[in-house]
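would you be able to build a 3D model of this:
(2 chains)
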Amino acid sequence: MTNQEIAKIMREMAMLYEMNGVLFKPRAYERAAFGIESLSADISELYKNGGEKALLQISGVGKGIAFHIGTILRGKNFPEYSKLKKKIPVDISVLSSVEGVGPKMIKTLYQKLKVKNVADLERVAKAGKIRKLPHFGEKSEEKILKGIEFFKKSCGRRILGHVLPEIKNMEKMILSFAEVETAIVAGSARRKKETIGDIDILAIPKASAKPEAIMDKFMALPFVEHIFSKGKTKTMIKLKNGLDADLRVVPKDSYGAALNYFTGSKDHNVKLRELAMKKGLKLNEYGLFKGKKAVAGITEEGLYRALGLEYIEPEMRENTGEIEISKEGKLPKLIGYGDLKGDLQVQTDWTDGEDSIEMMAKAAKETGLEYIAITDHTKALAMTGGSDEKKLMKQMAAIDKINHKLKIENYKLKILKGAEVNIMKDGSLDIDNKTLALLDVVGAAVHSHFTLTREEQTKRVIRAMENPNVDIIFHLTGRVIDKRAPIELDIDEIIKTAKRTKTVLEIDAYPDRSDIKDEYIKKCVLAGVKMSIDSDAHSKVHFRFLEMGIAQARRGWACKENIINAWPLEKMLKMLK
DNA sequence: GCCGTTTTCGGCCCGACTGTTTTCAGTCG
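Presented below is the predicted three-dimensional model:
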């Protein structure tokens, strides 16, 4: 069984207990589900090697839940689950994903109307049966139907890199309202998660302005599809692009507390509130209070300070140890959004890119870079017109010429010669070593045989890393979010080999890839393995993706010294093999 | 059922909005 499947059962358990009015267990199971979902190791593997004891290291999993997971993994019945499920045999996970439908409602709908799934729900709602139930009415029924409609066309979470321009645009529009003093996007977009489920926006009204006026303007924006709820301080809408957006308006004195609250993550916030409580304080979105007196909350910095913490960057706020380290004053100084000096993976019209070497170089310069490596595909990737040794030699000569030209034009940008060579099934490369040795930057990548076993894939990539010419492994796991699963790899073994062979692991910033992911970045930082942040640009407009790569690195707690292309050119080149 | 700078028992984050009632439960974040 996969981590996802186990996590799903834990989440269902949480809802089943919730339905039955059991206290505290729902939260416990939810936390266990979250812990399992964010686990990098395979839970069944963990159990096989270390038994129930090994499961205790999963956050939110204690003796009780470890025992239950053990039972499930041994293929046996999990008695409490079967019992509760028998009482209310419905598709809880799916039903609860309908907006506005929760555990208690699911229970009532099953007991009174035998609703087991979304199709049943739609049928009874359309038949007008729901409005006749006690505590339900016409409006609840309409709300459910609307929820089903959105459920049907819901596209789930969206890749942040894809929707970020729209989000920034929306932020700008709200900022332009006459009544708004300041507005900022919070939530998972501010934490720069790979994907986001909705957009949270915080606005502060001008002293003279009424919050209602801001709400009215917000709801009148052209991209609003539907209004879920509207109040003086909180409005929830659905956008035409399918995303939900919440706007909250708070007084100026609460800006820091509100921004912190709406940025999340939920777990980070809970931990902060617990910390406040232990200090005899109360934290909510309006401030940090001692009795009725606010002691902090105007700024986020002040809020953290009052809690005895260093300021924690939004990208770190996941309650994965950042609060503890912050207490000790030992937070890493994360790489900044303006810190990149180069980009080591750039494709051009020599293969599957859209623009010429010179156009890419000039666009890179405008982005603020000092060097780029041209890394077109090589011959095994025939569909891209990949280079063979001869074409690479030709391209190297062309790069010399363009570098010369840029120098005369006083463009302070250096183009490096590189390639994105293919790692073949057996770990060999599709370009000979003699030619690779002539390149400044050799990136190697898996573009085929995605379904080999974990052992085979690991061996294959390790062999590539052992090649004395391979400087960087590009997009290590090969995943494409929502399209292709990552290849199976023994990450710890890969990181060990990277350290031994001085191979750099890339953080591919192309939004669909975002590869390697944050938890692997954290492992690299710990192991002292260097990384690069590359755009994987296939067009001159793609350099904007570097922002997403930096975000990913920050979520993995990486600093400037961990990222080789944040270094000056000479120092970076010395690092390469 | 979990967890620990109130530590092996006794707590467990906090508030907005809605709909159906008329003081609050359910849902959401």
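
quick check: A:R513 vs DNA strand B, distance?
According to Cβ to the nearest atom of the strand, to the nearest Å, A:R513 stands 27 Å off from DNA strand B. All C-beta atoms are positioned from the backbone trio N, CA, C, and that covers glycine.

next one: A:K172
Distance of A:K172 to DNA strand B, computed by Cβ to the nearest atom of the strand: 22 Å.

repeat that for A:K76.
Noted for A:K76: a distance of 15 Å to DNA strand B, by Cβ to the nearest atom of the strand.

do A:A7 as well
For A:A7, the distance to DNA strand B equals 14 Å [Cβ to the nearest atom of the strand].

do A:E310 as well
As judged by Cβ to the nearest atom of the strand, A:E310 and DNA strand B stand 15 Å apart.

go on, A:R31?
Distance from A:R31 to DNA strand B, counting by Cβ to the nearest atom of the strand: 6 Å.

name the nearest residue to that residue, sequence neighbours excluded.
A:G60 (3.4 Å; Cβ to Cβ, 6 or more residues apart in numbering).

show me where the stretch 451-577 of chain A has strands.
For the stretch 451-577 of chain A, the strands defined by DSSP state E, counting those that start in this stretch cover A:472-473, A:504-508, A:531-534.

let's have those in JSON lines, adding mean pLDDT and distance to A:K217.
Formatted as JSON lines, these follow (pLDDT from 0 to 100; distance: least, Cβ to Cβ, whole Å):
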{"stretch": "strand A:472-473", "mean pLDDT": "97", "distance to A:K217": "48"}
{"stretch": "strand A:504-508", "mean pLDDT": "97", "distance to A:K217": "39"}
{"stretch": "strand A:531-534", "mean pLDDT": "98", "distance to A:K217": "38"}
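
quick one: closest of these to A:T2.
The minimum distance between A:T2 and these falls on strand A:504-508, with 24.5 Å, by Cβ to Cβ.

got a list of contacts for the closest one?
Strand A:504-508 is contacted from outside by A:344-345, A:443, A:471-476, A:494-495, A:498, A:514-516, A:520-521, A:524, A:529-534, A:536, A:549, A:552-553, A:556, A:563-564, A:575-576, using Cβ atoms under 8 Å, 6 or more residues apart in numbering.

go again using 7 Å as the cut-off
Strand A:504-508 is contacted from outside by A:345, A:443, A:471-476, A:498, A:515-516, A:521, A:524, A:529-534, A:536, A:549, A:552-553, A:564, using Cβ atoms under 7 Å, 6 or more residues apart in numbering.

so which of those residues sit within helices?
Among those, the residues falling in helices (DSSP state H) are A:498, A:521, A:524, A:549, A:552-553.

any idea how far A:A28 is from the residue nearest to A:R31?
Using Cβ to Cβ, to the nearest Å, A:G60 is found at 7 Å from A:A28.

and the residue nearest to A:R31, what helix or strand is that in?
Under the criterion DSSP states H and E, no helix or strand holds A:G60.

which ones are touching it?
Neighbour list for A:G60: A:31-32, A:34-35 [criterion: Cβ under 7 Å, 6+ apart].

quick one on the thing from earlier: nearest to DNA strand B, of the ones in helices among the contacts of strand A:504-508?
Nearest to DNA strand B out of these is A:Q552 (Cβ to the nearest atom of the strand; 22.4 Å).

tell me, how many residues neighbour A:S229?
For A:S229, the neighbour count with other Cβ atoms under 10 Å is 11.

from A:A33, how far off is A:A245?
According to Cβ to Cβ, A:A245 stands 26 Å off from A:A33.

can you list the weak-confidence ranges in chain A?
Applying pLDDT under 70 to chain A picks out residues A:153-156, A:483.

nearest the geometric middle of it, what residue?
A:E194 (2.4 Å; Cα atoms, centre = their mean).

now that one. Nearest residue, chain neighbours left out?
Leaving aside its chain neighbours, A:E194 sits nearest to A:S514 (4.9 Å; criterion: Cβ to Cβ, 6+ apart).

cool, A:S387 as well?
Distances taken as Cβ to Cβ, 6+ apart place A:T378 nearest to A:S387, at 5.3 Å, with adjacent residues excluded.

these two touch, right, that neighbour and A:I431?
Yes - using Cβ atoms under 7 Å, A:T378 is in contact with A:I431, at 5.2 Å.

so what's the residue count around A:M10?
Using other Cβ under 10 Å as the criterion, A:M10 is surrounded by 26 other residues.

that one looks like it's in a helix, true?
Yes - A:M10: assigned to a helix according to DSSP: H, G, I helix; E, B strand; the rest coil.

closest to A:V118 among the contacts of A:G60?
A:F34 (24.5 Å).

helix or strand for A:A364, which one?
Using DSSP H and E, A:A364 sits in helix A:357-367.

pairing partners for the helix or strand that comes right after that helix, with directions?
As assigned by DSSP H and E, the chain's next helix or strand after helix A:357-367 is strand A:371-374. The pairing partners recorded for strand A:371-374 under DSSP bridges are strand A:342-346 (parallel), strand A:414-422 (parallel).

which other residues reach strand A:371-374?
With Cβ under 7 Å, 6+ apart, strand A:371-374 has contacts from A:341-346, A:348, A:357, A:360-361, A:364, A:399, A:413-418, A:440-441, A:569.

can you check stretch A:566-577 too?
A:335, A:339-342, A:370-371, A:414, A:440-441, A:468-469, A:471, A:502, A:530, A:560, A:564-565.

spell out which parts of the stretch 101-250 of chain A neighbour DNA strand B.
Contact residues, the stretch 101-250 of chain A versus DNA strand B (Cβ under 7 Å from any atom of the strand): A:101-106, A:131, A:134-141, A:143, A:187, A:198, A:200, A:229-234, A:244, A:246.

inside helices: which ones of these?
Using DSSP H, these in helices are A:103-106, A:138-141, A:143, A:187.

and the contacts of the helix with the most length in chain A?
When chain A is parsed with DSSP H, its longest helix is helix A:389-408. Residues from elsewhere that reach helix A:389-408 (Cβ under 7 Å, 6+ apart): A:350, A:357-358, A:361, A:374, A:376, A:387, A:413-415, A:417, A:419, A:431-432, A:435, A:438.

kindly recompute the last result at 10 Å.
Contact with helix A:389-408 is made by A:348, A:350-351, A:356-358, A:360-362, A:365, A:373-374, A:376, A:378-379, A:385-387, A:411-419, A:421, A:430-432, A:434-436, A:438-440, as judged by Cβ atoms under 10 Å, 6 or more residues apart in numbering.

next one: stretch A:114-125
Residues outside stretch A:114-125 that contact it (Cβ under 10 Å, 6+ apart) are A:88-92, A:94-95, A:97-98, A:101, A:105-106, A:108-110, A:112-113, A:129-131, A:133, A:140-149, A:151-152.

in that stretch, which residues are buried?
Of the residues in stretch A:114-125, those with enough neighbours to count as buried (16 or more other Cβ atoms under 10 Å) are A:115-116, A:118, A:120-122, A:124-125.

go on, stretch A:63-71?
Neighbour-count burial for stretch A:63-71, counted by 16+ other Cβ under 10 Å, picks out A:65-66, A:68-71.

what's the angle from the longest helix of chain A to strand A:414-422?
Helix A:389-408 runs at 160 degrees relative to strand A:414-422, counting by axes from the mean of the first three to the mean of the last three Cα atoms, to 10 degrees.

any idea how far helix A:389-408 is from the chain center?
In this view, helix A:389-408 has its centroid 38 Å away from the chain centroid, taken as Cα atoms, centre = their mean, to the nearest Å.
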